[in-house]
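Peer 1: Provided below for reference: sequence and predicted model.
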Amino acid sequence: MSWLRKRTVAIAISAIISIVSIIVMIIRQDDQISSTIPPVVPPAVAEIPPPVSPPTATTPPAPVQNETSPPLPEVPLSEGMLTLGSTFEFEDLLITLGTEIGWSTIDRSWHDLHGQEVFYIPITLTNLYNATNRLQTNRISPFGPDGLRLDDVGGLVDNDVSDWTNEMRSGATLHSNMHILYNGSGQYVLEFQSWQGGSRSLTEVFIDVRR
């Protein structure tokens, strides 16, 4: 081998060694840099709450329906019991009931009882007191065949007994009609209640209504 060729080989080997040294240094520097950089932690993913279902519409409970109570056993009418056609005294008033009942309908579109059927009894009042007097309608309670108190219909029918609120002079007589809410065929009872000296006095009138 000639001297020039040997020189060329030596230079090539030296160059290769230098390149390898440089590569080794670069690798070491990368390792050092990697060791000083903290590991990248992925950001925490916020927990997404599960979707809230809209409140389901609940069906409101059905309103309690007023069931018709069964009629009470009817009281057999006997002598001395008050009924249609009877005359009796109550709080210094002489009260006479008619012998026949009539029928009417409540015609008050603004009222809950509009269209309800009523029956009426002719009634005559005479003041027996020696001064002005009147029959107080809050002393009278009508009851239907089921024994439950009926709604008052005073003032809801044109020819009712609302003029009971008018005072009468001694000896005066008033003719009118008493209207009662109809609640089926059966026996109706009118209770006339009076309070005197702390004691309660009750007068009952039995009325058979057949429709």
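Peer 2: Good, I have the coordinates. The model shown is predicted, which means the values in this text are computed figures rather than measured ones.

Peer 1: Just the pLDDT at Glu167, thanks.
Peer 2: At Glu167, the model reports a pLDDT of 89.

Peer 1: where along the protein do the strands fall?
Peer 2: Under the criterion DSSP state E, strands of the chain are mapped to 87-90, 93-97, 102-105, 117-127, 140-143, 173-181, 186-196, 199-209.

Peer 1: Between these, which one is closest to Ser78.
Peer 2: Proximity to Ser78 (CB to CB) singles out strand 199-209 among the strands of the chain, at 10.0 Å. Where C-beta positions appear, they are placed from N, C-alpha and C, glycine not excepted.

Peer 1: tell me which residues of the closest one are tucked away?
Peer 2: If you call a residue buried by 16 or more other CB atoms under 10 Å, then strand 199-209 has these buried ones: 203, 205-207, 209.

Peer 1: Which single one of the residues you listed is nearest to Thr87?
Peer 2: Distances from Thr87 to these, taken as CB to CB, are shortest for Val205 (11.0 Å).

Peer 1: Show the contacting residues for that closest one.
Peer 2: Listed by CB atoms under 8 Å, 6 or more residues apart in numbering, the contact partners of Val205 are 82-83, 86, 97, 189-190, 192.

Peer 1: that older thread, can I get the strands of the chain in TSV with distance to Pro71 and mean pLDDT?
Peer 2: Compiled in TSV, the strands of the chain are given as follows (distance: least, CB to CB, whole Å; pLDDT from 0 to 100):
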stretch	distance to Pro71	mean pLDDT
strand 87-90	25	96
strand 93-97	22	96
strand 102-105	20	90
strand 117-127	16	93
strand 140-143	11	95
strand 173-181	15	91
strand 186-196	5	92
strand 199-209	11	93
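
Peer 1: how close does Leu94 sit to Arg149?
Peer 2: 26 Å (CB to CB, to the nearest Å).

Peer 1: Tell me which of these two has more neighbours.
Peer 2: Neighbours around Leu94 and Arg149, counted as other CB atoms under 10 Å, are more numerous at Leu94. The numbers are 14 against 11.

Peer 1: my guess is the more buried one contacts Thr87, does it?
Peer 2: Yes: assessed by CB atoms under 8 Å, Leu94 is found in contact with Thr87 at 6.7 Å.

Peer 1: Do a quick rundown of the helices in this structure.
Peer 2: Ranges of helices in the chain, per DSSP state H, are 3-36.

Peer 1: how about the strands of the chain in TSV, adding distance to Leu156?
Peer 2: Below are the strands of the chain laid out as TSV (distance: least, CB to CB, whole Å):
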stretch	distance to Leu156
strand 87-90	24
strand 93-97	21
strand 102-105	10
strand 117-127	8
strand 140-143	13
strand 173-181	8
strand 186-196	18
strand 199-209	18
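
Peer 1: between the ones you listed, which gets nearest to Ile19?
Peer 2: Ranking those by proximity to Ile19 (CB to CB) places strand 173-181 first, at 118.6 Å.

Peer 1: Trp103 pairs with what?
Peer 2: Note on Trp103: beta-bridge partners by DSSP bridges are Phe119.

Peer 1: just checking, it touches Gln116?
Peer 2: No: Trp103 is beyond contact range of Gln116, at 11.7 Å (criterion: CB under 8 Å).

Peer 1: More neighbours: which of those two?
Peer 2: Shown here are Trp103 and Gln116; by other CB under 10 Å, Gln116 has more neighbours (16 against 12).
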